[in-house]
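Participant: Model the structure of this input:
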Amino acid sequence: MEVFERVFWAFKPCIDRFKHCMPVLSIDGTHLYGKYKGTLLVATSVDANFQVFPLAFAIVEGENTSSWSWFLSCIRVHVTGREGLCVISNRHGAIIAAMSNPDVGFHEPRAVHRFCVRHMASNLRTHVKNNNMRDRFKVVAYQRREKKFEEDMRSIGKSCVKSLEYIMDVPFHRWSLFHDASRRYGICTANFLETFNNVLKGARFLPIMSLVELTFHRVNKYFNTRRDSSLARRADRYAYSP
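Facilitator: Numbers count the residues shown, from 1 in each chain. Presented below is the predicted three-dimensional model:
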């Protein structure tokens, strides 16, 4: 008996144009809610105008080391062989394990792994039950000056030792903009990907084939809307130019 396990897909125009995007990938997974359970994995990038650029999709049985390794391997084989990519994600253990596996193709120095600041801030808030510590961590994460970074870290330690211990448990280069060595191009969160999830609204309730077809039409519509908006702005500039 044949049993559906996984499916990966990426559209040729997206693959071709990715070489013009920033070398940054945001990856995340979201549960399917229809008759057929599973998880939709999505990888997006960011173009030169800091707009979301959809790149690859997959449906897998769930978020585990095997499925994330398979998804990232498919991206390496079928989408891009670019070196020096920066992958931004939450701190899911399966993603960390997949990124560290040399067989997957996203280990250092071929790629670097950075964490979404918003996810870390949310987890910190849950850990210490304190919204103020969450907000102060975000300020530290976005600091670009060493002196201010150190001052803010000391301030957090004086206010809440538990928060400082939680933050210090994660290597600075994974979340701190100052320690990032410019690998994440100033992109600190996976909000770009979550913005694109709105484009796929309703897709998670569909059967597999319908979901794949919907991504094709929604991605087409997304780019058409972007193109029309760009042409309209260009026309306005020419109309008002002296």
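
Participant: so what are the domain limits for this protein?
Facilitator: 7-116+190-240, 117-173 (automatic domain parsing).

Participant: want to try JSON lines for those, with mean neighbour count and mean pLDDT as columns?
Facilitator: Yep, even glycine has a C-beta here, placed from its N, CA and C like the rest. Shown next, in JSON lines, are the domains of the chain (neighbours: other Cβ atoms under 10 Å; pLDDT from 0 to 100):
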{"stretch": "domain 7-116+190-240", "mean neighbour count": "17", "mean pLDDT": "89"}
{"stretch": "domain 117-173", "mean neighbour count": "16", "mean pLDDT": "96"}
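
Participant: Could you provide those in CSV, with additional columns for distance to residue 181?
Facilitator: Shown next, in CSV, are those (distance: least, Cβ to Cβ, whole Å):
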stretch, distance to residue 181
domain 7-116+190-240, 9
domain 117-173, 7
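
Participant: In contact with the residue sitting nearest the centre point of the chain: list those residues for me.
Facilitator: Central residue check for the chain by Cα atoms, centre = their mean: the C-alpha nearest the mean position is that of residue 26, 1.9 Å away. Neighbouring residues of residue 26 by Cβ atoms under 8 Å, 6 or more residues apart in numbering: 43, 44, 45, 46, 87, 88, 89, 116, 187, 190, 192, 193.

Participant: One more: residue 94?
Facilitator: Counting by Cβ under 8 Å, 6+ apart, residue 94 touches 63, 64, 65, 67, 68.

Participant: how far away is it from residue 65?
Facilitator: Using Cβ to Cβ, to the nearest Å, residue 94 is found at 5 Å from residue 65.

Participant: Beta-bridge partners for the residue nearest to the centre of the chain, please?
Facilitator: With DSSP bridges as the criterion, residue 26 is bridged to residue 44, residue 88.

Participant: mind listing the strands for the chain?
Facilitator: In the chain, the strands defined using DSSP state E lie at 7-9, 24-31, 39-46, 52-60, 85-89, 111-115.

Participant: packing partners for the fourth one?
Facilitator: I take that to be strand 52-60. Strand 52-60 sits against strand 7-9, helix 12-17, strand 39-46, helix 65-78, helix 191-199, helix 208-240, with contacts defined as 3 or more Cβ pairs under 8 Å, 6 or more residues apart in numbering; DSSP states H and E.

Participant: May I see those organised as TSV, with distance to residue 153 added?
Facilitator: Shown next, in TSV, are the helices and strands packed on strand 52-60 (distance: least, Cβ to Cβ, whole Å):
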stretch	distance to residue 153
strand 7-9	41
helix 12-17	40
strand 39-46	28
helix 65-78	31
helix 191-199	24
helix 208-240	40
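
Participant: Figure out which of these is closest to residue 100.
Facilitator: helix 65-78 (9.8 Å; Cβ to Cβ).

Participant: Which neighbouring elements make contact with the closest one?
Facilitator: Helices and strands touching helix 65-78, as assessed by 3+ Cβ pairs under 8 Å, 6+ apart, comprise strand 7-9, strand 24-31, strand 39-46, strand 52-60, helix 93-100.
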